[in-house]
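> Structure here, sequence nowhere to be found:
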């Protein structure tokens, strides 16, 4: 999962380059698919699969466009556009590479998976992101599954 820090200048380069259209920009601040895996877990044909980078991809040969991923995506990223599922992060890292302010960070450089979904929501605050970047320990109330 990639996060945007307060160093973001709202230039839009990250969402323009995203090949899967998985970055939203509410109030011009980039917010990405969290790669939580809920879409993959509800896919009845196992068309959504984890790749070697920890992101997800859609096997178009298996995908029936049933919309279960769209229905269950907690942040409404997954969508069907022109007979394709879009909005799921493959973790290509292009958004990080094009950021002129180094405001996009890969949270997996700071957190060890597996990360429980509720913990993601707790971490995605400016204060906790800043602490992570400073190398400080970040406490979360959610339990990490064993």
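Great, that's in hand. No experiment lies behind these values; they were computed from the predicted model shown.

> Check residue 54 and give its pLDDT.
pLDDT, the model's per-residue confidence, is 88 for residue 54.

> Am I right that it is in contact with residue 107?
No: proximity of residue 54 to residue 107 does not meet the contact threshold set by C-beta atoms under 8 Å, at 10.6 Å. For every residue, glycine as well, the C-beta is placed using N, CA and C.

> Looking at those two, which is more packed in?
Higher neighbour count among residue 54 and residue 107: residue 107, with 20 against 15, using other C-beta atoms under 10 Å.

> Give me the neighbour count for the closest residue to residue 13 other than its chain neighbours.
Spatial nearest neighbour of residue 13, excluding adjacent residues (C-beta to C-beta, 6 or more residues apart in numbering): residue 98 at 4.5 Å. Using other C-beta under 10 Å, residue 98 is surrounded by 14 other residues.

> now residue 6
By other C-beta under 10 Å, the residues close to residue 6 number 10.

> in this protein, which spans are strands?
Using DSSP state E, the strands of the chain run over residues 2-4, 23-24, 31-32, 48-50, 56-58, 79-81, 84-86, 104-106.
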